[in-house]
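Asker: could you work out the structure for the sequence below:
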Amino acid sequence: MIDFKTLADRYDTPLYVYDFDHITERYRELKGAFSGKKSLISYAVKANSNLSLLTHLAELGSGADCVSIAEVRRALMSGIPKYKIIFSGVGKRDDEIEEALREDILLLNLESEAEMERVEKIAKELGLQARISIRVNPNIDPKTHPYISTGLHENKFGVDIETAKRMYIKANNSKSLYPVGIHFHMGPQLTELDPIREASQIVADLVRSLKAIKIDIRFFDVGGGLGIVYDDEKTIAPYDYAQAIFSTLHGLDVTLICEPGRFMVGNSGYFLTRVLYEKVNEGRRFVIVDGAMNDLLRPSLYNAFHKVEVLGKSEDVSEADLVGPVCESGDFFAKRRALPATEPGDLVVVYSAGAYGFVMASNYNSRPRPAEVAVTEGKERCIRVRESFEDLVRLEKMCL
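Answerer: As a prediction, this is how the structure comes out:
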């Protein structure tokens with residue numbers, strides 16, 4: 001058990017707390033599900049990019065899926081080997097492409113013909129051969145939130161099957177490109193197996209057709225997206241997930257790449273915030289806390305559900321909104337939730353905040369971002385100090 005009260009007293013609130021032991025369990029569970037096949041678990045850095053967290057995953061053997069060159073740098077700083085790093089994303093600047101090629105990471109994941117032309121040009125100028133994969137859009141409905149769905153033609157991600165074939169043939173004939181992988185990703189928070197299996201079958205069939213024309217795909221990247229429990233979701237067991245993918249790969253000798261983010265860290269994280277006071281507007285009850293949407297954006301952005309608990313309180317329960325002090329009506333953590341009566345200083349825990357929490361935080365309303373604390377085997381350590389006002393203005397210039 002994590003002693004939230006002691007941590008809140010020691011590091012103040014709002015505060016992020018991560019259970020690194022839980023992360024270890026999740027990594028080993030997923031890696032074990034793919035045992036018997038060549039595989040690489042390549043953590044999606046965008047979910048939580050704290051350097052200590054990345055170092056912890058590096059020590060477990062994880063790779064990194066990065067969507068900016070700064071994430072690539074974070075992965076390298078954290079000790080993740082360059083041959084386990086993938087650079088993805090729909091829009092890469094020329095300088096980012098050049099840096100990734102010079103770093104000699106595992107591969108660049110491409111999402112358009114225009115992008116491939118840029119990579120080929122830059123690789124040729126550098127006298128290098130770019131290892132690439134192509135993100136294929138299988139046009140399968142992942143049945144997830146529309147903001148995070150990525151596997152349909154209406155989404156901005158990837159290319160259709162025919163475009164992918166054309167790109168692979170062109171890349172195979174280029175001296176500056178080396179097509180070694182294929183990639184698909186349906187989007188995060190997946191809770192159904194059938195769309196995953198169907199998409200994998202479509203992409204595996206494409207790999208077979210490419211091998212028939214001597215294009216040897218060595219890496220089969222299934223993306224990430226395994227869902228977690230925020231409320232009462234029915235999730236997919238890693239073993240069943242792996243078996244669904246295995247069932248589509250008969251006759252293919254490939255290394256499987258899986259890119260979990262939320263699955264790895266989501267339920268490891270907790271957001272702590274203290275009650276400031278309560279108010280009632282014409283019968284509508286509000287519990288106002290010192291944390292805000294700038295600290296944890298998911299409820300406001302996605303109307304996402306997070307379990308909340310007022311520590312040590314269980315009496316006089318009534319419906320309330322849990323809200324922050326930011327000057328926006330969208331500044332809330334929970335709406336019309338059954339909450340006990342609170343007093344100033346009561347500690348509230350917001351669960352499942354390890355993914356897309358701190359990384360999406362901002363300084364809106366000139367609010368410093370919270371500290372981050374890791375707990376491993378009952379011992380805590382601060383892995384990011386709380387920002388100060390001086391941190392907020394350090395890069396600004398006063399021009400008269």
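Asker: show me what the longest strand anywhere in the chain pairs with in its sheet, parallel or antiparallel.
Answerer: Criterion DSSP state E: the longest strand present in the chain is strand 269-281. Here strand 269-281 is paired, per DSSP bridges, with strand 15-19 (antiparallel), strand 284-289 (antiparallel), strand 347-350 (antiparallel).
Asker: helices or strands up against the helix or strand just after the longest one?
Answerer: Just to be clear, that refers to strand 284-289. Counting by DSSP states H and E, the element after strand 284-289 in chain order, helix or strand, is helix 298-302. For helix 298-302, the helices and strands in contact under the criterion 3 or more Cβ pairs under 8 Å, 6 or more residues apart in numbering; DSSP states H and E are strand 332-339. Every residue, glycine included, has its C-beta placed from N, CA and C.
Asker: direction included, what does the strand it packs on pair up with?
Answerer: Strand 332-339 is paired, per DSSP bridges, with strand 318-323 (antiparallel).
Asker: how far does the partner strand sit from the chain's center?
Answerer: 29 Å (Cα atoms, centre = their mean, to the nearest Å).
Asker: neighbouring contacts of it?
Answerer: Applying Cβ atoms under 8 Å, 6 or more residues apart in numbering, the contact partners of strand 318-323 are 278, 284-289, 308, 331-339, 341, 348.
Asker: in that strand, what's buried?
Answerer: Ala320, Asp321, Leu322, Val323 (16 or more other Cβ atoms under 10 Å).
Asker: same check, this time on stretch 374-383
Answerer: If you call a residue buried by 16+ other Cβ under 10 Å, then stretch 374-383 has these buried ones: Ala374, Val375, Glu380, Ile383.
Asker: and it, average pLDDT?
Answerer: On average, the pLDDT along stretch 374-383 is 97.
Asker: so Leu108 sits against Ile85, correct?
Answerer: No. The criterion here is Cβ atoms under 8 Å, and Leu108 misses it with Ile85 at 10.2 Å.
Asker: for the chain, which helix is longest?
Answerer: Within the chain, and with DSSP state H defining each element, the longest helix by residue count is helix 193-212.
Asker: okay, it in CSV with CA atoms only?
Answerer: The C-alpha trace of helix 193-212 is given here as CSV (Å, rounded to 0.1, in the frame of the first residue of the first chain):
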residue,chain,number,x,y,z
LEU,A,193,-10.2,-8.7,-29.8
ASP,A,194,-12.0,-9.0,-33.1
PRO,A,195,-10.9,-5.7,-34.6
ILE,A,196,-7.3,-6.4,-33.6
ARG,A,197,-7.4,-9.9,-35.2
GLU,A,198,-9.0,-8.7,-38.4
ALA,A,199,-6.5,-5.8,-38.8
SER,A,200,-3.6,-8.2,-38.1
GLN,A,201,-4.9,-10.6,-40.8
ILE,A,202,-5.1,-7.9,-43.4
VAL,A,203,-1.6,-6.6,-42.7
ALA,A,204,-0.2,-10.2,-42.5
ASP,A,205,-1.7,-10.9,-45.9
LEU,A,206,0.1,-7.8,-47.3
VAL,A,207,3.4,-9.0,-45.8
ARG,A,208,2.9,-12.4,-47.6
SER,A,209,2.3,-10.6,-50.9
LEU,A,210,5.4,-8.5,-50.4
LYS,A,211,7.5,-11.5,-49.7
ALA,A,212,6.3,-13.1,-52.9
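Asker: give me the contact list for that helix.
Answerer: Identification of contacts with helix 193-212 by Cβ under 8 Å, 6+ apart yields 136, 138, 140-143, 151, 161, 164-165, 168, 182, 184, 186, 190, 217, 220, 222, 225, 236, 240-241, 244-245, 247-249, 251-252, 254.
Asker: which ones among these lie within helices?
Answerer: Ile161, Ala164, Lys165, Tyr168, Asp240, Tyr241, Ala244, Ile245.
Asker: if we can go back for a sec, show me how far the longest helix of the chain is from its chain's centre.
Answerer: On Cα atoms, centre = their mean, the centre of helix 193-212 falls 24 Å from the chain's centre.
Asker: low-confidence ranges, this structure, go.
Answerer: 142-156 (pLDDT under 70).
Asker: now the residue nearest the centre of it: closest residue in space, sequence neighbours ignored.
Answerer: The centroid of the chain falls nearest to Ala47 when counting by Cα atoms, centre = their mean (2.6 Å). Excluding its sequence neighbours, the residue lying closest to Ala47 (Cβ to Cβ, 6 or more residues apart in numbering) is Gly261, at 3.1 Å.
Asker: do I have it right that that neighbour meets Ser42?
Answerer: No. If you go by Cβ under 8 Å, Gly261 and Ser42 don't touch, sitting 9.9 Å apart.
Asker: okay, the two: which has more neighbours?
Answerer: Using other Cβ atoms under 10 Å, the more surrounded residue of Gly261 and Ser42 is Ser42, with 28 against 24.
Asker: surely that one forms part of a strand?
Answerer: Yes. Counting by DSSP: H, G, I helix; E, B strand; the rest coil, Ser42 is found in a strand.
Asker: show me what contacts the residue nearest to it when sequence neighbours are not counted?
Answerer: Distances taken as Cβ to Cβ, 6+ apart place Gly63 nearest to Ser42, at 3.7 Å, with adjacent residues excluded. By Cβ under 8 Å, 6+ apart, Gly63 lies in contact with Leu40, Ile41, Ser42, Tyr43, Ile80, Pro81, Lys84, Ile85, Ile86, Leu106, Ile257.
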